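Asker: one predicted model, sequence on top.
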Amino acid sequence: MSVPPKISKHNYYSFIWHAGFLALAKNFMDVDTVIPAMLIESGGTAMHIGIMTAIMVGLSRFAQIFFAPYISNKSYKKKFLLAGINSRVLSLFALGFILFYLRDNQSKLLLLYIFLFITLYSIGGAFANISYTDILGKSVNKQKRKAFFSSKEIISGVIVLFSALFAKKILTALNYPVNYALMFFLGGTLLLIASGGFWKIKEITSSSLKISGFKTFFKRMKTELTQNKNLVYFLGFINTQGIIISFLPFVIHYSKETFNTQSSDVGFYLLFKIIGIVVISMLVFIFSKRISYTPLQYFNVFLSIALILITLLIKDVFIIRVVFIMGGIAYSLFMITMNGLLLEVSTTENRAIYAGFVGAGNILPAVFPIAGGWIINQFGFRVFGSIVIIIILFSLFFIWKISCKK
């Protein structure tokens, strides 16, 4: 389905508006640095980090299975997109409030509330992502999508560089818990402004798959997996390469345990991660018309293995900063290729339900962080890192099998 150029351009910039203000917000709620560090300061352990990562990385995708059958039946999905992002705004304000008002002797209650609102934040993201994927796919012309994903990363990265410096200043200048409370208040405010881009979207309706319930959903999923082998290999890819997203939060724990890093160091890690995102996003944007997703996927596999080996073998706190640069590159490449491939293996009619399939098939990234916390406690960080490398190596097979010329 071709989108009228004028509407496509309008929606393109509406999505960019959201991406820009989201970029300002994301440093104040970064899943790889800020939230793990806040959790440790609040009395959390490696196991807590594992559960938190499972919720924010795994649950946010796996929960899509519960929403996809309902949302896919709706011709217009903008209101669901807004409901999801606003629930995330409320979660961030709630996290800031409890950090500001709960005292040190209420650490168990604090951890309970942290996990409660992180869960709400993640579920809101799952609810919004189905609608986001569907609306983006049918509201922006196909030839503009790769440029959109890379330009979104560039704009986000440049803006994030400035907000990263501000976030670092807050983490360094203020003491716990005021620094993290202020971070979440600012994140919630900026995310609220970012939702303005979604209000401006001119949504185009289209025919879509009608799903009457979970039984029909899984029946349809079985049919699609049989008929569309690219979907099978795509799910294999996100279940193997996708766990690199779960690795960086554990590096924060490793750094604190090994080098006794402080809030100021966390600010540096955040900044270096953003530098990695900006650099690779600019390169992908520049060469978006000359490079396909497959070489990016292969490069990301070897980069991910390299950053894990450097973390395991080199005992230098400065090198950990380099690891976060590499981690930023790996994160950005995975998000660009995953989102782009999802649009390529799906169609306008089945895109919303495919987002649900991705959630249902996102099993390993959902459960591995919990297992990772246990592995670190029982066997140490080296064993954990070695297992991550083995799993990522399996993604080479799925990348090889995916048929995508884009």
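Answerer: Right, received. Where do you want to start?
Asker: got the contact list for I329?
Answerer: Applying C-beta atoms under 8 Å, 6 or more residues apart in numbering to I329 gives the contacts G276, I277, V279, I280, N300, L303. Where C-beta positions appear, they are placed from N, C-alpha and C, glycine not excepted.
Asker: likewise for N175?
Answerer: Applying C-beta under 8 Å, 6+ apart, we find N175 in contact with no residue.
Asker: circling back: may I ask which two of the contacts of I329 are separated the most?
Answerer: Greatest spatial distance among the contacts of I329 (C-beta to C-beta): V279 and N300, at 13.9 Å.
Asker: in terms of packing, which of those two has more residues around it?
Answerer: N300 (24 against 16; other C-beta atoms under 10 Å).
Asker: now the strand or helix carrying I370 - C-alpha only, PDB.
Answerer: Using DSSP states H and E, the element containing I370 is helix 363-379. C-alpha atoms of helix 363-379 as PDB (Å, rounded to 0.1, in the frame of the first residue of the first chain):
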ATOM      1  CA  ILE A 363      11.500 -16.300  25.000                       C
ATOM      2  CA  LEU A 364      15.300 -16.400  25.600                       C
ATOM      3  CA  PRO A 365      15.800 -12.600  26.100                       C
ATOM      4  CA  ALA A 366      12.900 -12.700  28.600                       C
ATOM      5  CA  VAL A 367      14.200 -15.500  30.800                       C
ATOM      6  CA  PHE A 368      18.000 -15.300  30.300                       C
ATOM      7  CA  PRO A 369      18.600 -12.200  32.500                       C
ATOM      8  CA  ILE A 370      17.100 -14.000  35.500                       C
ATOM      9  CA  ALA A 371      19.300 -17.100  34.800                       C
ATOM     10  CA  GLY A 372      22.200 -14.700  34.300                       C
ATOM     11  CA  GLY A 373      21.900 -13.200  37.800                       C
ATOM     12  CA  TRP A 374      21.800 -16.700  39.300                       C
ATOM     13  CA  ILE A 375      24.800 -17.800  37.100                       C
ATOM     14  CA  ILE A 376      26.900 -14.800  38.300                       C
ATOM     15  CA  ASN A 377      26.000 -15.500  41.900                       C
ATOM     16  CA  GLN A 378      26.900 -19.200  41.700                       C
ATOM     17  CA  PHE A 379      29.700 -19.400  39.100                       C
END
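Asker: remind me what it packs against, helices and strands.
Answerer: Under the contact definition 3 or more C-beta pairs under 8 Å, 6 or more residues apart in numbering; DSSP states H and E, helix 363-379 sits against helix 46-53, helix 60-62, helix 229-240, helix 247-259, helix 381-401.
Asker: got a list of what F93 touches?
Answerer: Counting by C-beta under 8 Å, 6+ apart, F93 touches F184, F185, G188.
Asker: just checking, which of those belong to helices?
Answerer: F184, F185, G188 (DSSP state H).
Asker: weed out the non-buried ones from those residues.
Answerer: Neighbour counting by 16 or more other C-beta atoms under 10 Å classes F184, F185, G188 among the ones in helices among the contacts of F93 as buried.
Asker: can you list those residues in JSON lines and add distance to L92 and pLDDT?
Answerer: Output for those, formatted as JSON lines (distance: C-beta to C-beta, whole Å; pLDDT from 0 to 100):
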{"residue": "F184", "distance to L92": "5", "pLDDT": "90"}
{"residue": "F185", "distance to L92": "8", "pLDDT": "91"}
{"residue": "G188", "distance to L92": "3", "pLDDT": "90"}
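Asker: show me which of those is closest to S246.
Answerer: F184 (22.0 Å).
Asker: for L248, see how far away L95 is.
Answerer: Counting by C-beta to C-beta, to the nearest Å, the separation of L95 from L248 is 20 Å.
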